[in-house]
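J.: Can you look at this prediction? I've put the sequence above it.
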Amino acid sequence: MPQPTHKLTPLAALLALALAGCNSVQHQTLNAEGVAYYKQGAYQQAAGKFQEAIAKRPDLGDGYYNLAAAMHQSGVRFNRPDDLKQAEVLYNQALERSPDHVECYRGLAVLLNETGRRDASYRLLNNWAVASPQNPNPHIELARLLEESSRPQDAEQQLVQALTINPSDARALAALGRLRDEAGDHLQALQNYQRSLDVNRHQPQVAARVATLQSAGGSAATLATGAGGTRMANQWQAPSGPARY
């Protein structure tokens, strides 16, 4: 006797598609509401919205990342070790669903570093680089970690590697420019900054530093002080929080 095939009828398939679309919209809405709470510093309320978003689309990594970011901030701001532990679990759950989630890798690396596990941060990012050999982002994040460890030459090598993979990566170009700027190689820094702006014009700090370098006219003293212009801020920051919705 033939076994049932369990195929959806056309109507059932349309209903399933509509339900998936409805859940996706609700997922985005709940994430947006959570982000609003997060920006107010209301991390527990934000977490509640992100949990609801996950329930709507448990297959997407963004909800897990957003919840992890909220728990991470709650743990740091209010000295709640259990929140930090939960954030670590959630970061890993996000990466299971979105293996190249840049913000998630950055958040997890920062958390590991904050909890005294810098070696684990290096392993995390090195493993990402091995798993995604055509992705420049692992090398950019490794450069951040290396610079924070006072290893600027190693950081520069990672950025060069990122640019070998993608010569037009705006983040890598800007970060390499800043490293060379700090080292006093202003001509090369200017070239890196300009290439970065050619790729992405929406970088006000980079544009301001380019203007300073250009107006300085080669004066070493003026370049070192920034001539009253905006000196490049450190690009390596902890995640600013959930921004995916």
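T.: Sure, I can see it. Predicted model only: the values in this text are computed from it and were never measured.

J.: which SS state does residue 79 fall under?
T.: What DSSP: H, G, I helix; E, B strand; the rest coil gives for residue 79 is coil.

J.: Now do it, the pLDDT please.
T.: Note on residue 79: pLDDT of 96.

J.: I'd like to know how many residues surround it.
T.: 9 (other CB atoms under 10 Å). C-beta here means a position set from N, CA and C on the backbone, and glycine is covered the same way.

J.: Can you give me every residue that contacts it?
T.: Applying CB atoms under 8 Å, 6 or more residues apart in numbering to residue 79 gives no contacts.

J.: Roughly how far does it sit from residue 73?
T.: Noted for residue 79: a distance of 12 Å to residue 73, by CB to CB, to the nearest Å.

J.: now swap in residue 211 and tell me
T.: In terms of CB to CB, residue 211 sits 34 Å off from residue 73.

J.: now do residue 48
T.: 14 Å.

J.: quick one: which of those two has more around it?
T.: The neighbour count for residue 48 versus residue 73, taken as other CB under 10 Å, is higher for residue 73 (22 against 17).

J.: Checking that one next. Helix, strand or coil?
T.: helix.

J.: where exactly do the helices run in the protein?
T.: Secondary structure of the chain (DSSP state H): helices located at 10-39, 43-56, 61-77, 81-97, 102-114, 118-131, 137-148, 152-165, 170-182, 186-199, 204-216, 220-225.

J.: where in this protein is pLDDT low?
T.: 1-21, 217-245 (pLDDT under 70).

J.: Name the residue closest to the centre of it, please.
T.: residue 103 (2.6 Å; CA atoms, centre = their mean).

J.: My read is that that residue contacts residue 65, right?
T.: Yes - in this structure residue 103 lies within contact range of residue 65 using CB atoms under 8 Å: 6.3 Å.

J.: Number of residues surrounding residue 130?
T.: If we define neighbours as other CB under 10 Å, then residue 130 has 9 of them.

J.: distance of residue 24 from residue 38?
T.: Computed as CB to CB, the residue 24 to residue 38 distance reads 21 Å.

J.: Pull the number of nearby residues for residue 84.
T.: 17.

J.: Also the one 4 residues further on?
T.: Residue 88 has 20 neighbouring residues, counting by other CB under 10 Å.

J.: How about it: what's its closest non-neighbour residue?
T.: residue 111 (5.9 Å; CB to CB, 6 or more residues apart in numbering).
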